[in-house]
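**Student:** no sequence for this one, just the structure:
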């Protein structure tokens with residue numbers, strides 16, 4: 001048996017990774033997003049290609065995500081610690097990490113789709129990558145190689161999206177070590193804010209490329225996800241935020257004649273990619289530390 005004792009509203013998540021998406025407050029659990037889609041138009045009389053801007057719209061609806069934690073009533077508030085506050089804080093942090101993971105999966109899907117189009121600028125490379133399924137890999141030996149690779153791939157996004165270069169990248173912990181050794185990397189110290197359980201913003205390169213570390217994947221994961229912040233009315237990834245509420249319920253176990261508290265956090269939000277060409281603003285790059293193998297040099301990949 002459950003009885004609802006208290007309801008409250010929690011603040012929106014403070015997350016630099018979530019800020020890379022276009023965060024829109026939702027007054028209702030559903031709504032419509034309007035954006036400008038860029039399409040190639042007919043070739044002009046002078047022989048130059050033209051671009052056309054069209055207004056598009058997309059209907060979005062918030063989903064419900066819940067986290068709960070049970071707490072025995074006989075746990076005292078020792079040493080001035082508010083047990084309820086600590087429990088809700090843990091739920092809040094976990095919910096924020098889950099929201100970041102959902103966003104990362106969308107970025108990963110869009111980045112892989114974009115990389116698939118880029119594979120092979122010759123028939124030979126397309127045969128190797130698509131038919132023989134030999135993955136495209138960028139090899140780096142030094143920290144400077146890592147920086148050059150990231151900046152070069154960021155400009156690939158500028159060419160494809162026509163909206164500018166990538167302004168953020170998500171790297172693994174191993175790749176982060178390489179960047180730490182580069183004099184071009186500016187480390188941002190944020191004592192007490194960095195979380196080892198999610199996606200941590202650690203600094204930036206001179207080009208303005210902000211670097212996040214993915215603490216949820218393996219230490220030596222090779223995938224780098226890059227992209228641009230989505231602005232209002234642009235194709236990209238949108239996060240609609242309706243509400244974050246908390247509730248405290250009394251739960252009585254009639255079998256064992258015991259009672260406990262159930263703390264619940266409920267989030268209503270939606271994270272979605274919008275626009276047919278949204279994937280062109282993102283890119284997944286396999287970056288491997290080490291020397292390029294001889295067989296790859298022979299094959300020219």
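**Tutor:** Sure, I can see it. Only a predicted model underlies this, so the values are computations on that prediction, with no experimental measurement involved.
**Student:** Please identify which helix or strand holds residue 107.
**Tutor:** When secondary structure is defined by DSSP states H and E, residue 107 falls within helix 83-118.
**Student:** er, residue 261 I mean
**Tutor:** In the assignment (DSSP H and E), residue 261 maps to strand 258-274.
**Student:** residues of that strand that come out buried?
**Tutor:** Of the residues in strand 258-274, 261-274 count as buried by neighbour count, 16 or more other Cβ atoms under 10 Å. The way it works is simple: take the backbone N, C-alpha and C, and place the C-beta from them, glycine included.
**Student:** and which of the residues you listed is nearest residue 103?
**Tutor:** Taking Cβ to Cβ as the measure, residue 103 lies nearest residue 271 of these, at 5.5 Å.
**Student:** Which residue is the nearest non-sequential neighbour of the closest one?
**Tutor:** residue 239 (4.8 Å; Cβ to Cβ, 6 or more residues apart in numbering).
**Student:** packing partners for the host helix or strand of the one you found?
**Tutor:** Per DSSP H and E, residue 239 falls inside strand 236-253. Helices and strands touching strand 236-253, by 3 or more Cβ pairs under 8 Å, 6 or more residues apart in numbering; DSSP states H and E, are strand 2-9, strand 22-25, strand 30-40, helix 83-118, strand 258-274.
**Student:** where among these is the average confidence lowest?
**Tutor:** Among the helices and strands packed on strand 236-253, strand 2-9 carries the lowest mean pLDDT, at a mean of 47.
**Student:** Give me the angle between the strand holding residue 239 and helix 83-118.
**Tutor:** Strand 236-253 runs at 150 degrees relative to helix 83-118, counting by axes from the mean of the first three to the mean of the last three Cα atoms, to 10 degrees.
**Student:** for strand 236-253, what is the average pLDDT?
**Tutor:** Across strand 236-253, the average pLDDT comes to 86.
**Student:** What strands line up against that strand, and which way round?
**Tutor:** The partner list of strand 236-253 in its sheet, established with DSSP bridges, is strand 2-9 (antiparallel), strand 22-25 (parallel), strand 258-274 (antiparallel).
**Student:** before we move on, back to that, turn the helices and strands packed on strand 236-253 into a markdown table, including distance to residue 125.
**Tutor:** Rendered in a markdown table, the data for the helices and strands packed on strand 236-253 read as follows (distance: least, Cβ to Cβ, whole Å):
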| stretch | distance to residue 125 |
| --- | --- |
| strand 2-9 | 54 |
| strand 22-25 | 35 |
| strand 30-40 | 25 |
| helix 83-118 | 10 |
| strand 258-274 | 28 |
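**Student:** doesn't residue 216 make contact with residue 173?
**Tutor:** No - the pair residue 173 and residue 216 fails to qualify as a contact (Cβ atoms under 8 Å) at a distance of 10.4 Å.
**Student:** Return the distance of residue 234 relative to residue 104.
**Tutor:** Between residue 234 and residue 104 the distance, using Cβ to Cβ, to the nearest Å, works out to 20 Å.
**Student:** hang on, I meant residue 21
**Tutor:** Remark: distance between residue 21 and residue 104 (Cβ to Cβ) = 11 Å.
**Student:** of the two, who's got more company?
**Tutor:** A direct count of neighbours by other Cβ atoms under 10 Å for residue 21 and residue 104 places residue 21 higher, at 22 against 19.
**Student:** residue contacts, the more buried one?
**Tutor:** Residue 21 sits next to 103, 229, 230, 236, 237, 238, 239, 271 when contact means Cβ atoms under 8 Å, 6 or more residues apart in numbering.
**Student:** beta partners for the fifth one?
**Tutor:** The reference is to residue 237. residue 273.
**Student:** and it, how many neighbours?
**Tutor:** For residue 237, the count of nearby residues is 23 (other Cβ under 10 Å).
**Student:** Next, count neighbours for residue 132.
**Tutor:** As a measure of burial, residue 132 has 8 neighbours, counting by other Cβ under 10 Å.
**Student:** no, scratch that, I was asking about residue 53
**Tutor:** Residue 53 sits with 9 neighbouring residues when counted by other Cβ under 10 Å.
**Student:** Spatially nearest residue to it (excluding sequence neighbours)?
**Tutor:** Across the structure, with Cβ to Cβ, 6+ apart as the measure, the residue nearest residue 53 apart from its sequence neighbours is residue 36 (5.2 Å).
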